[in-house]
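Novice: the following block contains a protein sequence and its predicted model.
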Amino acid sequence: MTFFRKDEQLDKLGNEILEATWTEFPELAPNQIALSWLVYDPPVLVNTGGALSAEEFWKHQVRGFSYRGVEGIYPAGIANLFYLVAIEEWLENEMTPNSGELDRAIKEMIVNSSNDALGLVVDILSGTTSGPDLPAGPLETWKFQRNIVNRYFRSLGWQELQSININQKIWGESPYGRERTFLGEFGENRNRLTTNATARLLHSIIGGVAVSAKRSQQMMTLMRRTLDPVHPLRGSLGASLPKEAKLWSQAGGDTQVCHDAAYIELPSVSPYLLVVFTEGNNHCTNQEILPFISTQIVAVMNKLG
């Protein structure tokens, strides 16, 4: 059973939005997009500052829609969201000491999607560092340590997290040495996420139950985006939002994928959460797909009221 309940109305609307998207962008194949969409009907149980305990929060199933929501896809910078929750867990339980430099890296990793900052966070989480190839024995120890974030997410017991893979840094060109060996000859050990897993993690942050209410609020502060017409969020779900919208998000993309995960509040309508992954180098330079989908969702949300 998923953490959200399927809903006939959202199924119909979600499929209509997908059909409109394929009509507008015929180069986008049905197997090149995945989407998860949650609607927070009143009484809204998210963005409350952690008013509900985790036990109470998870008793409330919101309604939602997903298309290919369980398909594992390379997440690019969406992985930063998972590393953020993990490092906040480590800090909360004093598994690593806090420092000004770690604070700086966490902020840059989320606010500016810095791969260099992410690299430091991964090193601190796992107690590993990049470098030359290692002999077989030490390499196995290194691999075990690097997989600690995967073990943490498995320990939460969420079915959406059982098939994900979060153990790689993000490279501008290519990893080298032990990182290249760990990635695999054909990239078979790449980071892998689903839109449902991403939606549940973001849902827990917005709900104030990721790690703790205080740390959830700190994470939300990092994810808050400004809708600035002078510096628009090009190619993202936030790019086409009305100026009065409130947006918390984490995007990820490269030449092969273009993703975004967002929680959005609009005046006079229910808040909602939207995660969209697209892949395929024939369209990832097209910065109109995600804003188009976002516009369609906004129109639907206004009709739902």
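Specialist: Cool, the structure landed. Numbers count the residues shown, from 1 in each chain.

Novice: how about Q287: what's its closest non-neighbour residue?
Specialist: Distances taken as Cβ to Cβ, 6 or more residues apart in numbering place G235 nearest to Q287, at 3.4 Å, with adjacent residues excluded. Where you see a C-beta, it was placed from the backbone N, CA and C, and this is true even at glycine.

Novice: same deal with L266?
Specialist: Per Cβ to Cβ, 6+ apart, closest to L266 is A245, 5.2 Å.

Novice: what sits against the one you found?
Specialist: 227, 238, 264-266 (Cβ atoms under 8 Å, 6 or more residues apart in numbering).

Novice: can you pick the most crowded of those residues?
Specialist: Top of those by neighbour number is G238, holding 23 neighbours under the definition other Cβ atoms under 10 Å.

Novice: name the helix or strand for the closest residue to that one other than its chain neighbours, please.
Specialist: In this structure, G238 finds its nearest non-sequential neighbour in L247, 4.7 Å apart by Cβ to Cβ, 6+ apart. Assigned by DSSP states H and E, L247 belongs to strand 246-253.

Novice: quick one, strands of the stretch 1-150 of the chain?
Specialist: 4-6, 33-39, 62-67 (DSSP state E, counting those that start in this stretch).

Novice: mind listing what's buried along stretch 252-272?
Specialist: If you call a residue buried by 16 or more other Cβ atoms under 10 Å, then stretch 252-272 has these buried ones: 252-253, 257-266, 269-272.

Novice: try stretch 49-68
Specialist: For stretch 49-68, the neighbour count (16+ other Cβ under 10 Å) marks 50, 52, 54, 57, 62-68 as buried.

Novice: span of it from start to end?
Specialist: Distance across stretch 49-68, first residue to last, is 31 Å (Cα to Cα, to the nearest Å).

Novice: output the below-cut-off pLDDT ranges for the stretch 1-150 of the chain.
Specialist: Applying pLDDT under 70 to the stretch 1-150 of the chain picks out residues 1.

Novice: all helices of it, in order?
Specialist: Assigned by DSSP state H, counting those that start in this stretch, the stretch 1-150 of the chain shows helices spanning 8-24, 54-57, 79-92, 100-111, 115-126, 136-146, 148-155.

Novice: need those in TSV with distance to L193, can you?
Specialist: Listed next are the helices of the stretch 1-150 of the chain as TSV, based on distance: least, Cβ to Cβ, whole Å:
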stretch	distance to L193
helix 8-24	20
helix 54-57	22
helix 79-92	7
helix 100-111	16
helix 115-126	15
helix 136-146	17
helix 148-155	10
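
Novice: how about G64: what's its closest non-neighbour residue?
Specialist: Using Cβ to Cβ, 6+ apart and skipping the chain neighbours, the partner closest in space to G64 is F4 (3.4 Å).
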